[in-house]
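requesting a structural model of the entry that follows:
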Amino acid sequence: MAKSGRRRSQGSRQSQAALVVEALRRSYPEAVCALIHANPFELLVATILSAQCTDARVNLVTPGLFRRYPDAQSLAKARPEELEELIRSTGFYRAKARNLLAMAKQVVDRHGGEIPEDLEALTALGGVGRKTANVVLGTAFGRAEGVVVDTHVKRLARRLGLAKGTTPEPIERELMAVVPSSEWVDLSHRLIQHGRKVCMARRPRCEECPLAELCPRVGVSVPKPAGKRSVRPKKSADKTPAA
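Here you go, the predicted model:
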């Protein structure tokens, strides 16, 4: 009985996922990675910098960074204090500088200066977790090894009824189970764009959402319509005439 219930639940989520994928495709047909880059090295660096930072801020920092360090070989030789100054505005710049230097040295020593096209090899590099590796593999190499689960994807996957997990890796596994692998890369880009434009964390604009009809709004409290506030009736005054 329990197995039958799980199968029904899985089938229901697959149906929901198909509707969501199609609605997102219609709404965001041109969605791409927001980090500006010219090659896998630049994308990897930009993605490491994007931790706890907006893509817009990273895109302001990377042009100067890539002029100074255009490849892994030059970045591996960077002076930590100079690198820190260049990336300071992205936040957590000391830790990010350490990760960038470690990553660059490992790419040079282990991979001849070329960014590897393998999930295991990528996640073995300094500062590279599964999310970052999925960004690089999907966007730079066109390889769908998993689903990028950032804060937007994490929030929307739950709101849309596609996942029940509360942390990135369980959510990624749930999405991979109900969405075809051919859609994994685009799904992330489209969910991220939808999360930025419409389905924000605190005040989702449900009234203008193209997915409103199929969204269960998990965890979203629907506000009362304007002008419909309940008013407690006033007690009527005692009308008894005086004697």
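
what segments of this structure are helices?
For the chain, the helices defined by DSSP state H cover 2-27, 40-49, 55-68, 72-76, 80-87, 93-111, 119-123, 130-135, 151-159, 168-178, 184-197.

same list (those) but as JSON lines, adding distance to Cys215 and mean pLDDT.
Bear in mind the C-beta positions are built from the backbone N, C-alpha and C, glycine included. What follows is those, written out as JSON lines (distance: least, C-beta to C-beta, whole Å; pLDDT from 0 to 100):
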{"stretch": "helix 2-27", "distance to Cys215": "8", "mean pLDDT": "80"}
{"stretch": "helix 40-49", "distance to Cys215": "29", "mean pLDDT": "98"}
{"stretch": "helix 55-68", "distance to Cys215": "25", "mean pLDDT": "98"}
{"stretch": "helix 72-76", "distance to Cys215": "43", "mean pLDDT": "98"}
{"stretch": "helix 80-87", "distance to Cys215": "38", "mean pLDDT": "98"}
{"stretch": "helix 93-111", "distance to Cys215": "36", "mean pLDDT": "98"}
{"stretch": "helix 119-123", "distance to Cys215": "31", "mean pLDDT": "97"}
{"stretch": "helix 130-135", "distance to Cys215": "24", "mean pLDDT": "97"}
{"stretch": "helix 151-159", "distance to Cys215": "7", "mean pLDDT": "96"}
{"stretch": "helix 168-178", "distance to Cys215": "16", "mean pLDDT": "97"}
{"stretch": "helix 184-197", "distance to Cys215": "11", "mean pLDDT": "97"}
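
for Ala144, which of these is the nearest?
Closest to Ala144 of the helices of the chain, according to C-beta to C-beta: helix 184-197, at 4.3 Å.

residues of that closest one that come out buried?
By neighbour count with 16 or more other C-beta atoms under 10 Å, helix 184-197 contains the buried residues 184-195.

distance of the residue nearest to Ala121 when sequence neighbours are not counted relative to Arg158?
Excluding its sequence neighbours, the residue lying closest to Ala121 (C-beta to C-beta, 6 or more residues apart in numbering) is His111, at 7.2 Å. According to C-beta to C-beta, to the nearest Å, His111 and Arg158 sit 37 Å apart.

ok, now how distant is the residue nearest the centre of the chain from Gln73?
Nearest residue to the geometric centre of the chain (C-alpha atoms, centre = their mean): Asp150, 2.8 Å. Distance, Asp150 to Gln73, by C-beta to C-beta: 30 Å.
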